[in-house]
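S.K.: Test case, fold it:
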Amino acid sequence: MMLVIALGGNAFAKTGSRVGSPKDQLEAVREAAVDVINMVQLGYRVIVTHGNGPQVGLITERISDSLSLDMAVAATEGWMGYLLANAIEGEARRRGLDTRAVVIVTRVTVNSNDEAFRNPTKFIGPAYSETDAVELSRIKGWVFRRDPRGGWRRVVPSPRPVSIIEIDAIKQLINNGNIVIAVGGGGVPVINHEGVEAVIDKDLATQLLANSINADELMILSDVDYVYLNYGKPNQKPLTTVRVSELRKYYDEGQFPEGNMGPKVEAVIRFIEDGGRRAYIGRLGKAIELIKGVTGTVILP
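M.R.: Numbering: from 1, shown residues only. Alright, predicted model coming up:
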């Protein structure tokens with residue numbers, strides 16, 4: 001069984017939307033490595049993807065005059081993939097496993113006519129006060145929106161992924177028994193082999209990867225326990241096990257915000273509808289419990 005695991009930005013940053021110290025990042029990524037190796041020991045062939053919102057935001061905040069967004073994504077793929085590979089192999093060695101992790105800086109093609117270039121929605125970087133957001137918008141020309149999780153964050157274009165340039169190399173590495181870390185941060189967005197100022201959603205790129213390699217299962221781990229109906233309201237309700245047809249109905253009703261849970265839900269719907277056997281959405285550090293149905297949301301055909 002082939003399992004793709006998508007790690008949220010909290011796999012690297014324990015301090016919410018801000019990137020912690022190198023020590024903080026190492027501690028956080030070790031927890032993610034435990035989830036990955038737990039799945040390996042259950043018998044899965046595992047492929048890993050990850051988000052990069054806090055990290056790419058930090059890079060563009062500090063050195064935006066030197067790096068375009070696509071360059072920043074490529075930089076975070078190397079940075080975060082390096083941390084993940086070390087943590088995964090270290091956890092494997094502690095359990096007596098000869099497991100290898102390989103990082104692929106992945107380019108993902110997008111469409112130049114994508115509506116996202118006219119309507120930026122993807123959150124990157126830390127959360128700011130409204131006053132600071134207004135000032136940064138004036139100075140840098142950035143666009144800000146209120147994050148449902150708190151504060152004001154920069155939003156950038158997030159075009160839909162069309163194809164993965166390195167897909168054949170990824171398949172070959174998987175077939176050779178490696179844990180492949182790919183499409184980090186959604187992959188580097190390119191059009192005609194030139195980078196573009198955008199950030200691809202990690203969950204949608206993960207779904208494209210998962211279906212492209214005919215993965216059996218998809219697991220999205222972040223800082224949420226479940227997919228909720230009426231999230232944040234007095235009548236909110238967690239979904240435990242749900243059929244994809246029912247989940248699509250809730251999605252079409254607008255239950256899941258575009259800048260938060262929406263892409264995760266869309267990704268698992270697309271994965272199942274395109275041939276996936278099962279998908280999971282739950283909290284980082286709880287992969288075993290997710291597989292066993294103890295916690296989290298399980299999506300079935």
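
S.K.: Show the pLDDT at Met2.
M.R.: Reported pLDDT at Met2 in the predicted model: 98.

S.K.: Just confirm it contacts Ile174, I think it does.
M.R.: Yes: taking Cβ atoms under 8 Å as the definition, Met2 is a contact partner of Ile174 at 7.5 Å. C-beta here means a position set from N, CA and C on the backbone, and glycine is covered the same way.

S.K.: if you count what's nearby, which of the two comes out ahead?
M.R.: Ile174 (19 against 16; other Cβ atoms under 10 Å).

S.K.: and His153, that one's in a helix?
M.R.: Not quite, residue 153 is Arg, not His. No: Arg153 is assigned strand when assessed by DSSP: H, G, I helix; E, B strand; the rest coil, not a helix.

S.K.: Distance check, it against Glu130.
M.R.: Here Arg153 is placed at a distance of 11 Å from Glu130 (Cβ to Cβ, to the nearest Å).

S.K.: Pick out whichever of those two has more residues nearby.
M.R.: The residue with more neighbours, out of Arg153 and Glu130, is Arg153; 24 against 11, by other Cβ under 10 Å.

S.K.: shouldn't the more buried one be in contact with Tyr128?
M.R.: Yes: Arg153 is within contact range of Tyr128, at 7.0 Å (criterion: Cβ under 8 Å).

S.K.: okay, and the common contacts of those two?
M.R.: Each of Phe144 lies in contact with both Arg153 and Tyr128 under the rule Cβ atoms under 8 Å, 6 or more residues apart in numbering.

S.K.: What's the local residue count around Gln172?
M.R.: For Gln172, using other Cβ under 10 Å, the count is 11.

S.K.: Which elements pack onto the strand or helix carrying it?
M.R.: Assigned by DSSP states H and E, Gln172 falls within helix 167-175. Judged by 3 or more Cβ pairs under 8 Å, 6 or more residues apart in numbering; DSSP states H and E, helix 167-175 is in contact with strand 45-50, strand 179-181, helix 202-212.

S.K.: quick one on the thing from earlier: overlap of the contact sets of Met2 and Ile174?
M.R.: Both Met2 and Ile174 are contacted by 45, 47, 213, under the criterion Cβ under 8 Å, 6+ apart.

S.K.: As JSON lines, those with distance to Asn192 and pLDDT would be great.
M.R.: Formatted as JSON lines, these follow (distance: Cβ to Cβ, whole Å; pLDDT from 0 to 100):
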{"residue": "Arg45", "distance to Asn192": "33", "pLDDT": "97"}
{"residue": "Ile47", "distance to Asn192": "27", "pLDDT": "98"}
{"residue": "Ile213", "distance to Asn192": "25", "pLDDT": "98"}
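
S.K.: With respect to Ile139, which of those is nearest?
M.R.: Set against Ile139, the nearest of the shared contacts of Met2 and Ile174 by Cβ to Cβ is Ile47 (40.4 Å).

S.K.: Tell me the spacing between the closest one and Pro234.
M.R.: Counting by Cβ to Cβ, the gap from Ile47 to Pro234 is 39 Å.

S.K.: go on, Ala205?
M.R.: 35 Å.

S.K.: between the two, who's got more neighbours?
M.R.: Ala205 (26 against 5).

S.K.: is it true that the more buried one touches Val183?
M.R.: Yes: using Cβ under 8 Å, Ala205 makes contact with Val183 at a distance of 4.4 Å.

S.K.: what sits against Gly186?
M.R.: Here Gly186 is in contact with 51-52, 73, 108, 158, 161, 199-202, 204-205 (Cβ under 8 Å, 6+ apart).

S.K.: what would those residues look like in CSV with pLDDT and distance to Glu61?
M.R.: CSV is the format used below for these (pLDDT from 0 to 100; distance: Cβ to Cβ, whole Å):
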residue, pLDDT, distance to Glu61
Gly51, 91, 17
Asn52, 89, 14
Val73, 96, 15
Val108, 98, 24
Ser158, 92, 18
Pro161, 98, 25
Val199, 94, 14
Ile200, 95, 20
Asp201, 93, 20
Lys202, 95, 19
Leu204, 97, 24
Ala205, 98, 23
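
S.K.: Name the member of those with the shortest distance to Leu300.
M.R.: For those, the nearest to Leu300 is Leu204 (20.6 Å; Cβ to Cβ).

S.K.: Okay then, goodbye and thanks.
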